[in-house]
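Starting from these lines, generate the structure:
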Amino acid sequence: MAERYVAAVDQGTTSTRCILFDQGGRLVSVAQREHRQHYPQPGWVEHDATEIWRNVQAVVPEAVRQAGVSVDQVVALGITNQRETIVLWDRHTGVPVARAIVWQDTRTDLIASTLEEDGRSAGMRRTTGLPPTTYFSAPKVQWLLENVRGLRERADRGDVLFGTMDTWLVWNLTGGPRGGRHVTDVTNASRTLLMDIATLEWDPGQLAAFGIPRVVLPEIRSSAEVYGTASEVLPGVRIAAALGDQQAALFGQTCFDAGEAKCTYGTGSFLLLNTGAEVVTSSHGLLTTVAFHLGGERPTYALEGSIAITGSLVQWFRDSLGLIRTAPEIETLARTVDDNGGCYIVPAFSGLFAPHWHSEARGIIVGLTSFITKGHLARAVLEATAWQTREVLDAMDADSGLALTGLKVDGGMTSNNLLMQFLADVLDVPVARPMVSETVSLGAAYAAGLAVGYWPDLQGLRRNWHRAGQWTPAMDPATRAAEYDNWQRAVQRTFDWVRPASHGPG
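Numbers count the residues shown, from 1 in each chain. From the prediction side, this is the model:
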């Protein structure tokens, strides 16, 4: 009997990838294609959803060809995606009404701030687990309905469909205007500001708050079930999973039990802590979200902390300051010194995310003396990622009462061994990196494979997880406490830099 595989489409912020995995969770083939980033105005970030769909049509067959297998050897397809990016399209033609508005886009700042000022933030957080910010999907939908001529009337008539990128891809894969399935999963729905996080249904009060007609919304389904059969790209293959990218990484890291956590280190970083069946409402600046929902079982929830600037700080150090030529060189440079020399860098380039949520903050370098060299600065760059992680984990401990015993990590920055050791030191827990680094795609594949019986259960998936590296704490507790105090004092100096009436620095 020919070996069978599961395919995963990772529709990310900068590219679309398709990866095939075998039963051992091993990567068999990968195909990738980037898409353009559109910046029509300051603060606006857009994608061409049609271009993304064309890329899916290209990379999926390419991955199958690379593996040297036939389509009938692919038992299921799972999808993972940039979560809060939204697209609206004509249900009859499949043509988007405008470019997709990306999760990074801030054009909805006035919508979000008005809701905050009107005192509706607390109620929204209780219902959805989220505060009203530009980050999430609903303000983006409202903006399109108010600013694209005739769109609201078309939406009210039911001629327009809304979706995050998973919805857009599933609809197209299953036929598009010819009967495509209009669905989303709970993890993506939980990032819209429109879903009741307890009932897992669209909330009428939230729809009214943003002026969004119910008829445009997809059906909310679990994360692992057969949504339909592909008629495009992989004809006859069951589409059996959808997960937001960070939830997919949590699943791919096999963090199935309460108290298990992962952090993905990329341009920014996202730390998720599994809180089990309990909806934990944060009072320390974190987001409450659905971790995953396997068909027929109770949903599993998570606390999430989003860190805006981690890997991109290394890019800034390389491209804007020119102190290194390649990103990996920062570890070599940082190892030329024994410590940071009393220097700290807080990368609040566009405000601070969790747990502070200070949009007016701006980045600073503190503790500069004539003793400081570029080696100290390199070390401060790396340490900033670890200290930001520590802040988020402290908030998670305070909210959940679940004491972390270890952290699983993935993403490009985990190849930096100095950073990983410092992370273990400041968190005071072991840090582990898996053998398979593509945990986002792997999580989508795992969920799809579970839905069709390719993998029997969660324990089988746990057996697939193998450690590639581990770092254990080695820092003196007194040093850890003193350094953390210094970091927190540095963070406080970033607050209130951009004043509401200010158009320039200061």
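
so where is the stretch 1-150 of the chain shaky, pLDDT-wise?
Where the stretch 1-150 of the chain drops to pLDDT under 70, the residues are 1.

which one is the residue nearest the centre of the chain nearest to, not counting chain neighbours?
In the chain, the residue lying closest to the centroid (CA atoms, centre = their mean) is Gln246, at 4.1 Å. Counting by CB to CB, 6 or more residues apart in numbering, the nearest residue to Gln246 once its immediate chain neighbours are dropped is Phe270, at 4.4 Å. Just so you know, the C-beta spots here come from the backbone N, C-alpha and C atoms, and that holds for glycine as well.

what residues are up against Gly375?
Leu333, Ala334, Arg335, Thr336, Val337 (CB atoms under 8 Å, 6 or more residues apart in numbering).

between these, which is nearest Val170?
Val170 has its nearest neighbour among the contacts of Gly375 in Ala334, at 44.0 Å by CB to CB.

Near the closest one, how many other residues are there?
Using other CB atoms under 10 Å, Ala334 has 24 other residues around it.

and the gap between it and Val279?
For Ala334, the distance to Val279 equals 41 Å [CB to CB, to the nearest Å].

Then Thr332?
45 Å.

Over to Tyr265?
Applying CB to CB to Tyr265 and Val279 gives a distance of 27 Å.

Compare these two (neighbour count), which wins?
Tyr265 (24 against 15).

got the contact list for that one?
Thr310, Gly311, Thr385, Val409, Asp410, Gly411, Gly412, Met413, Thr414.

same check, this time on Gln82
Gln11, Gly12, Thr13, Val102, Trp103, Met165, Asp245.

Tally up the residues packed near the fourth one, please.
Just to be clear, that refers to Val102. 20.

One more: the first one?
Neighbouring residues of Gln11 were enumerated by other CB under 10 Å; the total is 26.

which residues sit against stretch 205-220?
The contact list for stretch 205-220, computed with CB under 8 Å, 6+ apart, reads 88, 111, 115, 120, 123-124, 127-128, 138-139, 141-142, 145-146, 152, 155-156, 158, 160-163, 167, 182-186, 189, 193-196, 200-202, 204.

now that stretch: mean pLDDT?
pLDDT averaged over stretch 205-220 equals 96, rounded to a whole number.

Please enumerate residues in contact with stretch 409-424?
Residues contacting stretch 409-424 (CB under 8 Å, 6+ apart): 249, 252-253, 262-266, 269, 310-311, 314, 327-328, 330-331, 334-335, 382-383, 385-386, 389, 407, 430-434, 437, 439-440, 469, 471-474.

hmm, back to that, what subset of the contacts of stretch 205-220 is buried?
Neighbour-count burial (16 or more other CB atoms under 10 Å) applied to the contacts of stretch 205-220 gives 88, 111, 115, 124, 127-128, 138-139, 141-142, 145, 152, 155, 160-163, 167, 182-186, 189, 193-196, 200, 202.

can you list the weak-confidence ranges in the stretch 401-506 of the chain?
Applying pLDDT under 70 to the stretch 401-506 of the chain flags residues 500-506.

show me where it has strands.
Applying DSSP state E, counting those that start in this stretch to the stretch 401-506 of the chain gives strands spanning 407-410, 431-434, 467-471.

ok, and which of those has the densest surroundings?
strand 407-410 (a mean of 24; mean count of other CB atoms under 10 Å).

Alpha carbons of that one, in PDB - could you do that?
This file holds the C-alpha atoms of strand 407-410, laid out as PDB (Å, rounded to 0.1, in the frame of the first residue of the first chain):
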ATOM      1  CA  LEU A 407       8.700  26.500  27.800                       C
ATOM      2  CA  LYS A 408       8.600  25.000  24.200                       C
ATOM      3  CA  VAL A 409      10.000  27.400  21.600                       C
ATOM      4  CA  ASP A 410      10.000  27.600  17.900                       C
END
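
Partner strands of that strand, with direction?
Strand pairing for strand 407-410, determined by DSSP bridges: strand 261-265 (parallel), strand 431-434 (parallel).

chain center to that strand: distance?
Offset of strand 407-410 from its chain centre (CA atoms, centre = their mean, to the nearest Å): 14 Å.

Same question for stretch 207-219.
From the chain centre to the centre of stretch 207-219 is a distance of 23 Å (CA atoms, centre = their mean).

Going by secondary structure, Thr127 is in what exactly?
helix 121-128 (DSSP states H and E).

right, and the helix or strand after that helix?
Next along from helix 121-128, by DSSP H and E: helix 137-147.

so what secondary structure elements neighbour that next one?
Secondary-structure packing of helix 137-147 (3 or more CB pairs under 8 Å, 6 or more residues apart in numbering; DSSP states H and E): strand 86-90, strand 100-101, helix 109-117, helix 151-156, helix 204-210.

Please name every helix or strand in contact with the shortest one.
So that's strand 100-101. Applying 3+ CB pairs under 8 Å, 6+ apart, we find strand 100-101 packed against strand 46-47, strand 86-90, helix 137-147.

What of the third one?
Here helix 109-117 is seen to pack against helix 137-147 when contacts are counted using 3+ CB pairs under 8 Å, 6+ apart.

contacts for the helix it packs on?
84-86, 88, 97-98, 101, 105, 107-108, 111-112, 132-133, 151-152, 155, 162, 164, 191-194, 206, 209-212, 216.

re earlier: I'd like the strands paired with strand 407-410 written out as JSON lines, with distance to Trp53 added.
Compiled in JSON lines, the strands paired with strand 407-410 are given as follows (distance: least, CB to CB, whole Å):
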{"stretch": "strand 261-265", "distance to Trp53": "25"}
{"stretch": "strand 431-434", "distance to Trp53": "31"}
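
Can you say which of the ones you listed is nearest to Arg489?
strand 261-265 (24.0 Å).

Could you spell out the sheet neighbours of the next helix or strand after the closest one, each with its direction?
Scanning forward in sequence from strand 261-265 by DSSP H and E, the next helix or strand is strand 269-276. Here strand 269-276 has these sheet partners by DSSP bridges: strand 261-265 (antiparallel), strand 300-307 (antiparallel).

From the chain's centroid, how far away is strand 269-276?
Using CA atoms, centre = their mean, the offset of strand 269-276 from its chain centre is 11 Å.

In this structure Leu27 contacts Pro434, no?
No - shown here, Leu27 and Pro434 do not form a contact pair, counting by CB atoms under 8 Å, at 11.8 Å.

Distance to Met420 added to the helices and strands packed on strand 100-101, as a markdown table?
Formatted as a markdown table, the helices and strands packed on strand 100-101 follow (distance: least, CB to CB, whole Å):
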| stretch | distance to Met420 |
| --- | --- |
| strand 46-47 | 32 |
| strand 86-90 | 35 |
| helix 137-147 | 34 |
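
show me the contacts for the nearest residue to Ser306 once chain neighbours are set aside.
Excluding the flanking residues, the one nearest Ser306 by CB to CB, 6+ apart is Phe353, at 4.6 Å. Shown in contact with Phe353 (CB under 8 Å, 6+ apart): Gly268, Gly305, Ser306, Ile307, Ala308.

Compare those and tell me which has the most neighbours.
Gly305 (27 neighbours).

Now a ChimeraX select for only the buried ones of the contacts of Gln82.
Those of the contacts of Gln82 that count as buried under 16+ other CB under 10 Å are selected in ChimeraX with:
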select :11,12,13,102,103,165,245
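
Relative to His284, which of the contacts of Gln82 is nearest.
Closest to His284 out of the contacts of Gln82 is Trp103 (22.4 Å), distances taken as CB to CB.

For that closest one, what is the enclosing helix or strand?
Assigned by DSSP H and E, Trp103 falls within no helix or strand.
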